[in-house]
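Visitor: sequence? don't have it. structure:
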Ligand SMILES: [Cu+2]
């Protein structure tokens, strides 16, 4: 049952299974190179992380999200950017791999969860907009992002192979190999990835400290005693280093170790369609220092720092068919994470490590959820869910403990009108306790351990999706009222969090996309997204919201060759509050608008082998995203003191993919 696709290639724009179906009668099956991924069903975006993307993403999970309207990535260097959806980052996005929450450990947020994710090693990337699912612990109030492997079924003994190689400007090269073998009873899968890049240059030829290297390996063995039962043990390990253009330290260790045991049984009875259990452990061991990649360390800063974050997790779930019209998902989950760090004392020239790793914070969450789908007719349904989490945070070095009851829920109505149009409306509520960075990010925050309130998001989401053989259009709008929004204040000179407060915020925005098949070989694509927000407590803009942005593209595909052009533009952003933001960054000031042009192409050698190539930022434009970190000249002569870390200049790349069954 393995798919024989070979993705490698070119053209621009969108591409999803739904689109493929919509265009099945036409020559253009799907875009060879993904540039804008549309919403395919209410609240949901699904995309294949093995497809080439433009602009060329870094190895990590955040950069792959950039092609989804509504996402932006805060740049820190060449990789490990911070994913932001509708202006919301950090713990407001629930980032999951194979149904496990992934968290970083760095006090300076070098390692967003996505820093440990290698999208091409997975089969599916799913984004659920807004608080419209309660299935997963650590509720994402702004959205849920999932990277998943698709379980395979082996009817008889068979094996398959997938591999890709990528070469690009600035010394970039990636390699991935994936193989699996199985029969009716047993299977085994193994994946290895490697990704490396040198420092990149912006359009002005300035070099940023941004080189990186990452490798990962995953393995899974499974037992399928019958058609309905699957037991799988999987493990993953990855490590690497990354240089940073926005700060005085670089990451020299990003070790993640993961083990997961999963069992699922289907068709248990008329009532129980399926039930499962999963136990997992994720550990992150991170070291950053001033000396590995830099000649002149700052003596005012400690030479290195090490942190660990170890999370253990368990979940039990069941999918019940109550009757023809009512399906119920129920589950219980538990998550425990312990953060530890080294302690240093001293100052200018006298820094000494006083302890090795010592546990400093513990977070625990136990949740129960149920989600009901009620089919009203063939064309409309209600979906609603409730979740309660018992959450606690303990500060271990000077013992303090607090706990909260976190309640989340949503209800939505989905309506199919005729064969082409789907409409939806949903209302969601999500509560989250302050995360590790919000509770411990500054001495002020520690003093506020008990005072920082839980954040409560209320959000209305509406949208429409229209699909015909020739056209696909979607629009999705939201209006949010966030009570006790956790706002971070930064000391911009030190680039450290200096305070935390709860404010009331209001946000609203829209994402829209439209594509049109001009003929059997040529397709037009476009997308637009915009978000605005206000801090109503202080009567000023909500910080870290990206400006209006859009994409226009044209692609050609004759089944052998493909070609595409993409124009991405962003407006200027004049709404900001200097020095305020979230756990990852803060507003620097106004930003100008920009337009960037890119080209891509592809060639299908045969059904199994594809080539894709592209030139991003073809006119070598010098530009920076509004949501970015500021430059840092502590590593002269590289790393210019720019207002923001500029995006890469002209970048050429070539990717080859092969898939064998
Ligand atoms: Cu770090």
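Guide: Sure, I can see it. Everything numeric in this text was worked out from a predicted model, so none of it was measured.

Visitor: Identify the residues contacting the nearest residue to residue 639 once chain neighbours are set aside.
Guide: Closest residue in space to residue 639, ignoring its immediate chain neighbours: residue 209 at 5.0 Å, by C-beta to C-beta, 6 or more residues apart in numbering. Backbone N, C-alpha and C define where each C-beta goes, glycine included. For residue 209, the contacting residues are 77, 199, 243, 244, 245, 250, 293, 635, 638, 639, by C-beta atoms under 8 Å, 6 or more residues apart in numbering.

Visitor: okay if I get the residues you listed as JSON lines plus distance to the ion?
Guide: Converted to JSON lines, those look like this (distance: C-beta to the ion, whole Å):
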{"residue": "77", "distance to the ion": "12"}
{"residue": "199", "distance to the ion": "18"}
{"residue": "243", "distance to the ion": "12"}
{"residue": "244", "distance to the ion": "8"}
{"residue": "245", "distance to the ion": "14"}
{"residue": "250", "distance to the ion": "9"}
{"residue": "293", "distance to the ion": "13"}
{"residue": "635", "distance to the ion": "16"}
{"residue": "638", "distance to the ion": "19"}
{"residue": "639", "distance to the ion": "17"}
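
Visitor: Would you map the helices across the stretch 151-300 of the chain?
Guide: With DSSP state H, counting those that start in this stretch as the definition, the stretch 151-300 of the chain shows no helices.

Visitor: for the ion, what are the nearby residues on it?
Guide: The stretch 151-300 of the chain comes close to the ion at residues residue 288, as judged by C-beta under 5 Å from the ion.

Visitor: so how many other residues sit close to the closest residue to the ion within the stretch 151-300 of the chain?
Guide: Nearest to the ion in the stretch 151-300 of the chain, going by C-beta to the ion, is residue 288, at a distance of 3.6 Å. Residues near residue 288, counting by other C-beta atoms under 10 Å, number 25.

Visitor: So in terms of bridging, what pairs with it?
Guide: residue 251, residue 305 (DSSP bridges).

Visitor: which ones are touching it?
Guide: Contacts of residue 288 by C-beta under 8 Å, 6+ apart are 106, 108, 110, 249, 250, 251, 252, 304, 305.

Visitor: on that earlier part again, sort the contacts of residue 209 by pLDDT and name the bottom one.
Guide: Among the contacts of residue 209, residue 635 has the lowest pLDDT, at 67.

Visitor: What is the three-state secondary structure of the closest residue to the ion within the stretch 401-550 of the chain?
Guide: The stretch 401-550 of the chain approaches the ion most closely through residue 437 (11.9 Å), counting by C-beta to the ion. Classification of residue 437 using DSSP: H, G, I helix; E, B strand; the rest coil returns helix.

Visitor: so it sits right up against residue 108, yeah?
Guide: No. Under the criterion of C-beta atoms under 8 Å, residue 437 makes no contact with residue 108, lying 9.4 Å away.

Visitor: Now do the residue nearest to residue 639 against residue 633, distance only.
Guide: 10 Å (C-beta to C-beta, to the nearest Å).

Visitor: which residues do those two both contact?
Guide: Common neighbours of residue 209 and residue 633 (C-beta under 8 Å, 6+ apart) are residue 639.

Visitor: mind listing the strands for the stretch 251-400 of the chain?
Guide: Along the stretch 251-400 of the chain, the segments classed as strands by DSSP state E, counting those that start in this stretch run 272-289, 304-321, 326-345, 352-375, 380-395, 400-417.

Visitor: right, I mislabeled it, should have said the stretch 1-150 of the chain
Guide: Assigned by DSSP E, counting those that start in this stretch, the strands in the stretch 1-150 of the chain fall at 44-47, 71-74, 82-85, 93-97, 100-101, 124-129, 143-148.

Visitor: Ok, which of the ones you listed comes nearest the ion?
Guide: strand 82-85 (13.1 Å).

Visitor: Tell me which other helices or strands that closest one touches.
Guide: With contacts taken as 3 or more C-beta pairs under 8 Å, 6 or more residues apart in numbering; DSSP states H and E, strand 82-85 sits against helix 61-65, strand 71-74, strand 93-97, strand 143-148.

Visitor: Let's have the ones you listed in a markdown table, adding mean neighbour count.
Guide: As requested, those are arranged in a markdown table below (neighbours: other C-beta atoms under 10 Å):
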| stretch | mean neighbour count |
| --- | --- |
| helix 61-65 | 27 |
| strand 71-74 | 26 |
| strand 93-97 | 25 |
| strand 143-148 | 22 |
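
Visitor: Mind putting the ones you listed into TSV with distance to the ion and mean pLDDT?
Guide: What follows is the helices and strands packed on strand 82-85, written out as TSV (distance: least, C-beta to the ion, whole Å; pLDDT from 0 to 100):
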stretch	distance to the ion	mean pLDDT
helix 61-65	16	92
strand 71-74	15	95
strand 93-97	18	96
strand 143-148	22	96
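
Visitor: got any ranges where the protein has weak pLDDT?
Guide: Confidence mapping of the chain against pLDDT under 70 gives the ranges 1-30, 442-447, 635-637.

Visitor: so residue 159 bridges to which residues?
Guide: Beta-bridge partners, per DSSP bridges, of residue 159: residue 181.

Visitor: Contact partners for it?
Guide: Applying C-beta under 8 Å, 6+ apart to residue 159 gives the contacts 179, 180, 181, 182.

Visitor: so where does the closest residue to the ion within the stretch 501-650 of the chain fall, helix or strand?
Guide: Nearest residue of the stretch 501-650 of the chain to the ion, counting by C-beta to the ion: residue 584, 12.1 Å away. Using DSSP states H and E, residue 584 is not contained in any helix or strand.
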